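**Q** model the structure of this input:
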Amino acid sequence: MNLFPGKVKNMALTKTKGKCEQTVYLESGNEMAALALKHVNPHIMGYYPITPSTQVAETLDAFKAAGEHDVQMIPGDGEHGAAGICYGATVGAARVANTTSANGLLYSLEQLPVQSGTRYPMVLNLVNRSVSGPLSIKCDHSDLMFTLNTGWLILIAEGPQEVYDFNIIAFKLGELEDVRLPVIVSFDGFFTSHQKRRVYYFSNVDDVRSWIGDVKTPIHALDPEHPATIGPYMNEPDLINNKKQMSMAFDNAYHRVPEVFKEFAEMSGRKYDFLKTYPEDFSDVEAAVWVMGSPSETMIFAAKKAREEGKKVGVVIPKVLRPWPVNEIRETFKNIKSLVVTDRQDSFNFMGGNMTTEIKSAIFENENRPLVQSRVYGIGGKDLSLDECKEIVELALSSTQKKTVDVPYDYIGAEPGDLEYKIEPAVEPLKEEDLKPGIIKVEQKEDGTLDVKGVNLRKLTEMPNRIMPGHGACPGCGIFSTLNQFLKGIEGHVVVLFATGCAMVVSTGYPQSAHRSTYIHNLFQNGAATLSGVVEAYHEKMRRGELDPNLDLTFVMVAGDGSNDIGQGPTIGAAIRNHNMIVLEYDNEGYMNTGNQLSFAVPKGFSSSTSHVGPAQVGKQFGHKDNAQIFSACNIPYVFTATEANPIDLIKKAAKAQWYAKNDGFVFGKLLSTCTLNWRVPFNEAKELMQKAVDCNFFPLYEVEHGITTINYDPEARKKKISVKDWVGSMGRSRHLVKPENEAILNELTNEVDRRWHCLKAKAENPLL
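**A** Okay, the predicted model is just below:
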C-alpha cells in the first residue's frame, strides 16, 4: 500500500526500534505531520489553507479519500473560523487538530487563550512563517513568539522525525488529567515542512492509538445529564484564580514532560528532553550558542569544527518552549562564560528577540552569569549559512577571551541599505488624457438604470493597459487579461487594492511591480475595509479642501483565490456602508495561490488539493456559494457577473460600475477567471470553457441595478444551451463526475444549477423579487 497517495512509493524498510515495529521512509515535515494525524485519528480537523502549512491538510485529505482514516476535515471560512471549529469540537468532547502559519495564526490568535483558559486540549501544527508586512511566505519565528503568552504548551521540532513524534506526544501530554492544555507543535516553514529527510514511523497504527488512549473530557457540551455553562463571564476575583490554576497546570506539565518523553522512548527508541546539547556532556563548554529549529544541525557542525581545534564551544537546542525549562537552562549555562542567543525574530527592544530576553531572565539568578549577546537572523526565510554559523561560534568564543561584549544586539546576514536611494519608475506615469478617450458614453434612463453606448473593442485598444506584461502569472492564467479588459471600461485614474492571491503575488515581487496605477495590498481578509478607509480619506480631504478639486479617482478592489471567503464579512460591511468603490472578484474557483485548495466557490464533487477523489470520497462534499446573489441581497446599487469570453458585455458593465461607484455607492462584480493549470485544461481552450460555463447556466451573465435584475445572455433563448455534464466533462478537475458511479453527484449539481437559473429568471421577470 502506498502510504502517501498519488506519489511513487519510496523504498521502505521495516525495523524494530524500542518496543514497536517501525518503517523507515523519506518524507517532509508537513507530510509527517499528516501521517501522525492519520495514525492518531482525531475526530475533527478544522483548517484553512495558508502557505507553508497547507500541505498538512492536503496530505491528510488524500489519506481520507483513500479511506485510510476517519478524521472529519472541516474547511473554515478563514483561520479565525477554523479555530472556532476546533474549539467547538473540543467542547463536544472530540480529539482535535489544526494547522496554520503566520498571519493565519494571528487571525485566530484571540481564540487561543479561550482554548487554554477553558482547559480543552487539542494539537496545532504551527509551520513557522514570517508575519506580514511586507508579505512574505518564508520562514522565521515571528508567528511562534505571539503564542508564548496564550497558555499553550509548545514543542519545537527540529526535523521531520520530531514533527511526527511530537504530534503523537502532544496528544498524550495535553490530554493528561492534571494538565489538560492545548499543545503547539512548531516547525520551520519550507526548511522542515518541505525538505525530505529519513524518518521512522510506527508500522502499526494501533501502537500509537493504544499508547495515547481514548480522549477523556470531564466537562463537555454533549452530556445533558450533567449540563454545564462553558465559557462564563468572569471578573475579579475569579479570573486571577483561573490563571493561577493554569499556572499549576503548567507546573504539572513541566513534571509530566520527562515522563511522557520516557514512555515514548520505550515505545520508539527515540529519546527527547527539554534541551538538546552538543556535546552531550556540556561540562567543559565555556562559550555556547542557543539556536532553535532547522539551523540546529548547521550550527552543531560549525561548533564541531571549532571543537576539533580545541575550542570549548557548545550548542543548546530547545525542544520544549512551554513550559519554559528554566531549571534546565540555569543548570546548562551555570558554568559557561559567554552565550550567543540567536533569534529568528526581533522584539525591537534593543536587546534582541524573545529568546534573548527570556534566557536573560532565566539565568539572572545564576551565581556565574555568562556574557549574553543577541543575533537576529533568518527573517523572511533567509538561510543561516555555515559561514554565518561559524561567525556566531567565533563571536561566542571571542567574548569569552575578551571577557566583554562589544555589540550586545545586532542582525547577522542583513544590510541597512542606502537610506538615500530612490527607486526610479521604469515607465512614465499614466496621463489622464490617455485614460479618458471619450469612446464610451453612459446615460441614465427614465427607469433609473443605465445605458452604455460606444463600446468599440478596436478603439479601446488605444487605451494604455494599467497592468504591464512581465508579471509572473502562469501560462494560461485568465486574471490579468480579464482585469485589463475590465479596466478598458474605466476612464481616468484608478486606485487599486489587491487582496492576497495569485494576482497580488505574481505582480508585485519587490522591487518590481506590474502596476502602472497606484496599488495597495493589505491582509487577505481585510481588503474591502482597507479600501473603504482610503475612499473616505479621499472624500474627507476633498471636503476640507486638502486635495486638488479636479483630482478624479475611481477605487477598485480586486479579490480572488478565495479572498471573499475569509474576507466575506469585511466586504459585506463595506457594502452595507455603501462606500463609493468597486469590488471585483475574479472567481477561479480555488485558493490557487496556495496550491489549489478548495474555496467555497468550488462546485460540489470537484477535486482540489483538499478535496481529493478516491474510493472513500468524491471531491468537495458541499455546494458552491453564490456571491453575486449574496451581495445583491445587501441592496447595493449595482451587482454584475461577466466573463472575458464576452468582452463587450464585460466592458459595458465596467462603465456602469464606474458610474454607480461615483454617483450611488458600492458595486460588486463577479468575473469567471480560468486557471488552466489547476482546472487541468489546455491553454487554448480557456475561452471555450468559460463560454460553456455560461451556456450551461452554471455562470449566468446578468446584472442587478438598484434591485432590478436583467439577464444579459440567455443560452436557452439563443438556442445555445448545453448540459452541465458537457461543461464538467471538459475539465480534468471534474471529469470524474461523468463516470456512471458518480451520476448522483452530477445530478445533484445539475439540479442546483437549474434551480438557481430558474430563480434568476423569476427575478428578471418580477422587479419585486
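**Q** the residue sitting furthest away from the middle of the chain and Thr674: what is the separation?
**A** Relative to the C-alpha centroid of the chain, counting by CA atoms, centre = their mean, Glu446 is the outermost residue, at 48.0 Å. Note on Glu446: its distance to Thr674, by CB to CB, to the nearest Å, is 39 Å. All C-beta spots, glycine's among them, are computed from the backbone N, C-alpha and C.
**Q** now the residue farthest from the centre of the chain, what are its backbone angles?
**A** In this entry, Glu446 is assigned phi and psi values of phi -60, psi -30 (degrees, to the nearest 10).
**Q** from Pro682, how far off is it?
**A** On the measure of CB to CB, Glu446 and Pro682 end up 47 Å apart.
**Q** repeat that for Ile745.
**A** Noted for Ile745: a distance of 25 Å to Pro682, by CB to CB.
**Q** with Gly567 instead?
**A** The span separating Gly567 from Pro682 equals 32 Å under the rule CB to CB.
**Q** of those two, who's got more company?
**A** Relative neighbour count places Gly567 above the other of Gly567 and Pro682, with 27 against 10, counting by other CB atoms under 10 Å.
**Q** so what's the more buried one up against?
**A** Listed by CB atoms under 8 Å, 6 or more residues apart in numbering, the contact partners of Gly567 are 78, 499, 524-528, 559.
**Q** let's see it at 10 Å
**A** Contact criterion CB atoms under 10 Å, 6 or more residues apart in numbering gives 77-78, 499-500, 523-529, 557, 559, 573-574, 583, 585 as the residues in contact with Gly567.
**Q** for PyMOL, write the select line for the buried members of the residues you listed.
**A** Selecting the buried subset of the contacts of Gly567 in PyMOL, with 16 or more other CB atoms under 10 Å as the burial test, is done by:
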select buried, resi 77+78+499+500+523+524+525+526+527+528+529+557+559+574+583+585
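**Q** and the contacts of Gly567, which of them are in strands?
**A** Among these, the members found in strands (DSSP state E) are 557, 559, 583, 585.
**Q** any chance of these in a markdown table, with pLDDT and distance to Leu13 too?
**A** Rendered in a markdown table, the data for those read as follows (pLDDT from 0 to 100; distance: CB to CB, whole Å):
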| residue | pLDDT | distance to Leu13 |
| --- | --- | --- |
| Met557 | 96 | 54 |
| Ala559 | 94 | 49 |
| Val583 | 98 | 55 |
| Glu585 | 96 | 50 |
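**Q** output these as CSV; include the columns distance to Val704.
**A** Compiled in CSV, the ones in strands among the contacts of Gly567 are given as follows (distance: CB to CB, whole Å):
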residue, distance to Val704
Met557, 19
Ala559, 18
Val583, 14
Glu585, 15
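**Q** what mean pLDDT does stretch 13-25 have?
**A** Within the predicted structure, the mean pLDDT of stretch 13-25 is 84.
**Q** before we move on, what about stretch 127-139?
**A** Averaging pLDDT along stretch 127-139 yields 94.
**Q** list the buried residues of that stretch.
**A** Neighbour counts over stretch 127-139 (16+ other CB under 10 Å) mark 127-132, 135-139 as buried.
**Q** and stretch 527-541, by the same measure?
**A** Residues of stretch 527-541 classed as buried by neighbour count (16+ other CB under 10 Å): 527-532, 534-535, 538.
**Q** which among these gets closest to Asn241?
**A** Asn241 lies nearest to Ala529 out of the buried residues of stretch 527-541, by CB to CB, at 38.0 Å.
**Q** mind checking the SS state of the residue lying closest to that closest one once chain neighbours are set aside?
**A** With sequence-adjacent residues excluded and distances taken as CB to CB, 6 or more residues apart in numbering, Ala529 is closest to Pro570, at 4.2 Å. Of the three states, Pro570 takes helix under DSSP: H, G, I helix; E, B strand; the rest coil.
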